[in-house]
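Undergrad: compute the structure for the input listed below.
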Amino acid sequence: MKKLFFLTFLVATACGRFANKDEKQSNPERIVCIAKQYNEIIYALGAEQNLVAVDLSSTYPPAIKALPSVGYHRALSAEGILSTKPTLLIHDNNVGPETVMKQLTDLKIPMEVFEAKGDDIPSAKQLIREIGIYFHRENRADSLNRKLDADMEKALQAAAQLKDKPKVSIIHFGRANNVYLTMTKKSTSAKLIEWAGGEISLDGERGMMQLSAEVIAQSDPDVLLLTDFGYDQLGSLEEIKKLPGIAGTKAAKSNRIFRVEEHDLVYLGPRTGEIVLMLQQLIRKENVQ
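TA: Here you go, the predicted structure:
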């Protein structure tokens, strides 16, 4: 009973979205956005002024880390969200648990989900456009999309000149008991690597899978990319080269092991063309004709 009263009180004090005009002017919208892809676009549009909290996985741009986190997007709590006094919750439907989302819906917290999935370049551009329209930043959205097109054209033209496709492995979170959380050919990362002129060396049923050291060794990548968490935890190239399954690979023997930011590899957005160009520089080995 006390919990219900707490939630009802927070909603009653937070719903400035439905207040009269004068109240809305003195109480601006308070937006909680639970989607790392959406959040990067919102910042790129310059529309972040009313963001009051984000999810734990939203780490770009660096300024977003100053905002409170409401937790992991699939393990949310109603109390955590409502404590930020939101007038609007933006999410991409990849949120949970269902009981919490139903609770927020029953409490009539306004929500916004954009139509475009953003899982390929045309759809990412449409998502940027949709969010731009929502925040009245249409011109800025168009500018972002023009730059994305230009960067992608440059990257694809350069990739077409490569003599061969280096095999690339991406380890997402270091290791636990010699099992690596690894990106597969079904991941967003695989698309980025392909556009850069390479190919992901590991297949799998899902985009990210736990794979053994033996599987990594057998794939024998030319290039190994570790996301920031795993690379920083291990501390140095020499320590990474000692890992089971990695020591004997072409990547380790040629020192072609590089640190990448996780948020650069797991979704598409305004910087995707820039990221592909960056990956191109990492994975190529002077193999331009």
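Undergrad: mind checking which helix or strand residue 41 is in?
TA: Assessed by DSSP states H and E, residue 41 sits inside helix 36-44.
Undergrad: next secondary structure element downstream of that helix?
TA: Counting by DSSP H and E, the next helix or strand C-terminal to helix 36-44 is strand 51-54.
Undergrad: for that next one, buried residues please.
TA: 51-54 (16 or more other CB atoms under 10 Å). All C-beta spots, glycine's among them, are computed from the backbone N, C-alpha and C.
Undergrad: buried residues of the top helix by length along the chain, list them for me.
TA: Counting by DSSP state H, the longest helix found in the chain is helix 138-159. For helix 138-159, a neighbour-count test (16+ other CB under 10 Å) marks 140-141, 143-145, 148, 151-152, 155, 158-159 as buried.
Undergrad: check stretch 214-227 too.
TA: For stretch 214-227, the neighbour count (16+ other CB under 10 Å) marks 215-216, 219-227 as buried.
Undergrad: how near is residue 70 to residue 127?
TA: Going from residue 70 to residue 127 by CB to CB, to the nearest Å gives 22 Å.
Undergrad: looking at the buried residues of strand 51-54, which is nearest residue 40?
TA: Nearest to residue 40 out of the buried residues of strand 51-54 is residue 54 (CB to CB; 10.4 Å).
Undergrad: tell me who's in contact with the residue nearest to residue 215 when sequence neighbours are not counted.
TA: Leaving out its chain neighbours, the residue that sits closest to residue 215 by CB to CB, 6 or more residues apart in numbering is residue 202, at 6.9 Å. For residue 202, the contact set (CB atoms under 8 Å, 6 or more residues apart in numbering) comprises 169, 182-185, 209, 211, 215-216, 219.
Undergrad: turn those into TSV, including secondary structure and pLDDT.
TA: Shown next, in TSV, are these (DSSP: H, G, I helix; E, B strand; the rest coil; pLDDT from 0 to 100):
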residue	secondary structure	pLDDT
169	strand	96
182	strand	93
183	strand	94
184	coil	96
185	coil	96
209	strand	93
211	strand	91
215	helix	94
216	helix	93
219	helix	95
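Undergrad: what sits against the residue nearest to residue 241 when sequence neighbours are not counted?
TA: Counting by CB to CB, 6+ apart, residue 241 lies nearest to residue 252, which is 4.5 Å off, once chain neighbours are set aside. By CB under 8 Å, 6+ apart, the contact set of residue 252 is 224, 240-241, 246.
Undergrad: next, residue 252: secondary structure please.
TA: Three-state assignment for residue 252 (DSSP: H, G, I helix; E, B strand; the rest coil): helix.
Undergrad: what's the distance between it and residue 200?
TA: According to CB to CB, residue 252 and residue 200 sit 18 Å apart.
Undergrad: now the strands for the protein?
TA: For the chain, the strands defined by DSSP state E cover 31-34, 51-54, 88-91, 111-112, 167-176, 179-183, 199-200, 208-212, 223-227, 257-260.
Undergrad: name the strands paired with the first one and say parallel or antiparallel.
TA: The pairing partners recorded for strand 31-34 under DSSP bridges are strand 51-54 (parallel), strand 88-91 (parallel).
Undergrad: any idea how far residue 160 is from residue 271?
TA: In this view, residue 160 and residue 271 are 22 Å apart by CB to CB.
Undergrad: ditto for residue 211
TA: Going from residue 211 to residue 271 by CB to CB gives 28 Å.
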